[in-house]
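Q: next comes the sequence, and after it the predicted model I'd like to discuss.
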Amino acid sequence: MKKYPVLLFCFSLLLIISCKQDKVGSLNSNLFQKEVYKKSKTELKIKYLDSLEGITNQISNDSLLRSFLFDLSAEYYYQNNNNKSFGVCKKILQLSTTFKDTFSIAKAYSYIGDTYQISKKDSAYYYYQKSEKLYRILNNKEQIGKMLFKKGYILFFEGNYTESEAQVSKALLYIKKGKDSEMLYTAYSLLGLNFEKLEEYQNALKYQLLAKSILKDIKGSNSNLEKVYIYSVVSSINLSNIYEKTLQYDKSIQELQAVLTPGLKEKWIQGYVTIIGNLGYSKMKSGSINGVEKLFNEALSISKKNGTEENVIYKLLNLGEYYSIVKDSMRSTSYLKQSLQLAEKLKMGEEIKKSLQLLSQIDKQNATTYDKRYIAISDSLAKAQRINRNKFARIEYETSVVEDENKVLSTKNTYIIICSLLLIFALVLVIVYRYIKSQKRELLFRITQQKAEEEIFELLKEYQIKLVDAKEREQNRISKELHDSVMNKLYGARMQLGILNNSDIKEIKEKRLIYVDLLQEIEQEIRTISHDLQSEIIDNQFDYIPLLSNLIQLQNEIGSTLFSFKVDPNIDWDAIDSLVKITIFRIVQESLLNVTKHAKATLCTVSVSLEANHLILLIKDDGVGFDVNATKQGIGLNNIQERVKTIKAALEISSTSNDGTSIRLKVKIGSL
């Protein structure tokens with residue numbers, strides 16, 4: 001374990017103890033401004049931040065706690081510990097959601113996006129998008145502008161320069177109205193970089209000059225002087241790149257030499273490396289190669305030691321091109337092959353193309369191979385985005401600038417607005433007219449549909465009455481046959497056996513008497529059956545319940561689900577409106593069909609009962625269920641809901657996954 005200075009350890013312990021004694025009061029961003037903390041090593045800072053994060057678990061959720069957690073997350077981020085910064089952001093998000101603090105939720109999404117900015121740019125973009133939506137709800141224009149800028153920043157480093165330009169242009173509409181000069185400088189600079197990548201150098205120069213003009217405002221504020229110095233160097237680098245690409249090498253050299261001060265190397269080593277590399281390249285392209293090799297070698301040496309692999313590629317390319325100019329083919333080929341190998345490793349398309357192009361010019365023996373590879377890479381990196389580029393955001397921004405400068409609305413614009421309003425008004429009238437017309441058509445359709453259903457229902461009634469009549473006639477016929485024919489024959493047989501019973505032989509008389517008694521019993525039984533068949537149990541009135549019973553019985557015969565039916569015998573169906581009976585019949589029909597087709601149920605019960613002056617229909621199954629809250633519902637469910645409206649009934653549908661579905665209809669008996 002590393003040993004830390006005793007004084008620093010005691011200071012950290014004192015801060016932790018004081019925080020525990022006065023939790024909320026001591027937890028604020030001032031803890032990170034102490035000189036002792038600033039001079040600490042990163043490892044000790046992380047341990048200290050971890051201890052503070054642990055203390056926050058003991059504090060109740062309020063705005064002060066959430067504010068400190070944002071500072072804590074930012075401090076982890078500054079220490080390049082994105083995982084812990086992300087963890088704190090997730091905690092903030094949970095606390096803010098519980099407290100319904102929309103602003104903190106939006107800010108948390110933004111911070112989460114920052115933690116993903118390097119490792120997962122698609123995730124970063126996703127969270128910036130979510131943050132932007134919430135800020136739009138809050139109408140926080142400053143933060144909307146920042147989120148649009150961050151999205152544009154992500155798109156730029158993903159190589160999507162067209163979309164990045166559109167996002168940054170939208171961001172400027174908000175940023176230019178605020179007072180954040182640094183944000184405005186950065187936005188102008190990024191927009192200029194996008195135009196440079198899109199080879200629109202005139203626009204690129206315009207926005208880089210606008211960015212540089214903002215520096216005087218930043219210097220006049222309370223901004224960190226070191227930061228302002230870096231901004232100045234960056235502006236010069238960006239301008240020199242544009243001058244170099246437009247072959248204005250003298251201007252590029254002048255811009256770079258202006259910031260190549262003696263203290264630059266100590267103040268910002270990466271900026272120094274870029275400056276000397278670009279300066280050497282501009283001198284080389286202008287034809288002045290004196291001292292260029294020294295500049296390139298120094299830039300490569302520092303990049304290998306302190307820079308990134310991307311920077312090393314550019315320095316290798318510069319040296320490869322330099323040695324090709326001075327006719328040192330061996331060295332040129334060596335450096336270019338190194339740059340090609342590294343560019344392929346990092347999948348940097350433009351740098352691969354540049355390496356192949358230079359190798360094709362120098363290594364003539366393998367030029368054909370390099371040319372083929374160059375064409376293949378060029379095809380895969382074709383700038384198809386340029387065709388579909390969204391210019392509207394930039395046009396909107398440029399228009400707003402003109403409006404801010406002129407502060408005048410022309411008569412032409414007024415006429416356009418008036419005409420647009422009239423056009424909108426006319427369009428609204430057309431929509432309203434079409435809506436009313438469609439409503440009338442729908443009403444007419446429903447009336448026609450209702451009449452058709454009533455006719456079908458009446459046909460069912462008529463069919464059932466005819467069926468009952470036919471049954472009654474058949475019963476009467478059988479009764480008459482039994483009474484008039486069979487009964488007479490049995491009676492005659494019994495009488496004959498009685499007459500024959502006059503024989504004096506005792507055994508014959510006893511045996512015949514047994515048959516006479518048996519025939520009398522049969523006669524009595526047939527008489528009873530005949531009487532029952534002729535009874536008035538069945539009447540000619542329409543019975544609704546058999547219709548429902550037949551419907552349910554039919555479902556039992558066509559599927560694997562067992563259907564049962566129960567009805568309250570106290571219901572006076574003759575007193576219930578036909579439309580109600582039709583609707584119940586159709587709902588039962590539709591529901592049972594859905595159960596058979598979709599529910600995979602083993603049991604389904606259908607019951608009709610009375611509750612006060614209401615009729616209750618309940619259909620319940622033990623099937624797989626479905627999502628009642630789904631935005632898109634089936635035709636059957638929509639039909640049920642539409643039918644319920646026609647009888648002004650109450651409908652409740654509840655369903656749980658793997659726990660079945662319940663449909664309950666409650667309708668008042670009487671007039672609808």
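A: Received, thanks. Because the structure is predicted, anything quoted here is derived from the model rather than measured. Numbering: from 1, shown residues only.
Q: any buried residues in the helix or strand hosting Ala367, and which?
A: Assignment of secondary structure by DSSP states H and E places Ala367 within helix 367-380. Of the residues in helix 367-380, those buried by neighbour count under the rule 16 or more other CB atoms under 10 Å are 370, 373-374, 377. (Each C-beta comes from the backbone N, C-alpha and C, glycine too.)
Q: which helices and strands sit right next to that helix?
A: Where contact means 3 or more CB pairs under 8 Å, 6 or more residues apart in numbering; DSSP states H and E, helix 367-380 is packed against helix 349-362.
Q: what about Asp71, distance to Lys107?
A: According to CB to CB, to the nearest Å, Asp71 and Lys107 sit 12 Å apart.
Q: tell me which of these two has more neighbours.
A: Of the pair Asp71 and Lys107, Lys107 is the one with more neighbours under other CB atoms under 10 Å, namely 24 against 16.
Q: leaving out sequence neighbours, find the closest residue to the more buried one.
A: The spatially closest residue to Lys107, leaving aside those adjacent along the chain, is Phe70, at 6.6 Å (CB to CB, 6 or more residues apart in numbering).
Q: where does pLDDT dip in the stretch 151-300 of the chain?
A: Filtered on pLDDT under 70, the stretch 151-300 of the chain yields the residue ranges 219-225.
Q: correction: the previous question concerned the stretch 501-650 of the chain.
A: Judged by pLDDT under 70, the stretches of the stretch 501-650 of the chain that qualify are 501-504, 509, 511, 515, 521, 525, 527-542, 631-633.
Q: show me where it has its helices.
A: 506-533, 544-558, 578-594, 635-646 (DSSP state H, counting those that start in this stretch).
Q: what do you get for the stretch 51-200 of the chain?
A: Ranges of helices in the stretch 51-200 of the chain, per DSSP H, counting those that start in this stretch, are 63-78, 82-99, 102-116, 121-138, 141-157, 161-175, 181-197.
Q: distance check, Gly291 against Glu310.
A: As defined by CB to CB, Gly291 lies at a distance of 25 Å from Glu310.
Q: so what's Glu298 closest to, chain neighbours aside?
A: Using CB to CB, 6+ apart and skipping the chain neighbours, the partner closest in space to Glu298 is Ile276 (6.1 Å).
Q: who touches the helix or strand containing that neighbour?
A: Here Ile276, judged by DSSP H and E, is contained in helix 269-286. By CB atoms under 8 Å, 6 or more residues apart in numbering, the list of residues contacting helix 269-286 from outside reads 230, 233-234, 236-237, 240-241, 243-244, 247, 249-250, 252-253, 256-257, 259-260, 264-265, 289-292, 295-296, 298-299, 302-303, 306-307, 311, 314-315, 318, 321-322, 325.
Q: mind doing that once more with 6 Å?
A: For helix 269-286, the surrounding residues in contact (CB atoms under 6 Å, 6 or more residues apart in numbering) are 233, 237, 240, 244, 249, 252-253, 256, 260, 264-265, 292, 295-296, 299, 302-303, 306, 315, 318, 322.
Q: just the buried ones from these?
A: For the contacts of helix 269-286, burial is judged from neighbour counts taken by 16+ other CB under 10 Å, and it is met by 233, 237, 240, 244, 249, 252-253, 256, 264-265, 292, 295-296, 299, 302-303, 315, 318, 322.
Q: tally of neighbours for Trp308?
A: Small correction: residue 308 is Thr, not Trp. Using other CB under 10 Å, Thr308 is surrounded by 10 other residues.
Q: run a quick neighbour tally on Ile112.
A: The tally of other residues near Ile112 (other CB under 10 Å) stands at 24.
Q: touching, it and Cys89? I think so.
A: Yes. With contact defined as CB atoms under 6 Å, Ile112 counts as touching Cys89 (4.7 Å).
Q: between these two, what contacts are shared?
A: Overlap between the contact sets of Ile112 and Cys89, as judged by CB under 6 Å, 6+ apart, is nil.
Q: which parts of stretch 611-630 are buried?
A: If you call a residue buried by 16+ other CB under 10 Å, then stretch 611-630 has these buried ones: 615-626.
Q: can I get those in CSV including distance to Ile663?
A: Converted to CSV, the buried residues of stretch 611-630 look like this (distance: CB to CB, whole Å):
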residue, distance to Ile663
Leu615, 14
Ile616, 11
Leu617, 8
Leu618, 7
Ile619, 4
Lys620, 8
Asp621, 9
Asp622, 14
Gly623, 12
Val624, 15
Gly625, 12
Phe626, 12
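Q: closest one of those to Ile362?
A: Of all the buried residues of stretch 611-630, Phe626 has the smallest distance to Ile362: 69.8 Å, by CB to CB.
Q: in the sheet, who's paired with the closest residue to the closest one other than its chain neighbours?
A: In space, not counting the residues next to it along the chain, Phe626 is nearest to Ser655; the distance is 5.3 Å by CB to CB, 6+ apart. Using DSSP bridges, the beta-bridge partners of Ser655 come out as Thr661.
Q: for Ser655, give its distance to Ser560.
A: Note on Ser655: its distance to Ser560, by CB to CB, is 20 Å.
Q: same deal with Leu615?
A: To Ser560, Leu615 is 30 Å away according to CB to CB.
Q: next: Phe195.
A: Summarising the geometry, the distance separating Phe195 from Ser560, computed by CB to CB, is 69 Å.
Q: likewise Thr102?
A: Here the distance between Thr102 and Ser560 works out to 51 Å (CB to CB).
Q: and those two? Which one has more around it.
A: The residue with the greater number of neighbours, taking Thr102 and Ser560 and applying other CB under 10 Å, is Thr102; the counts read 15 against 9.
Q: pLDDT at the more buried one, what is it?
A: Predicted confidence (pLDDT) for Thr102: 92.
Q: for it, what are its contacts?
A: Shown here is Thr102, whose contacts under the criterion CB under 6 Å, 6+ apart are Leu134.
Q: check the one 3 residues further on too.
A: Under the criterion of CB under 6 Å, 6+ apart, the neighbours of Ile105 are Ser96.
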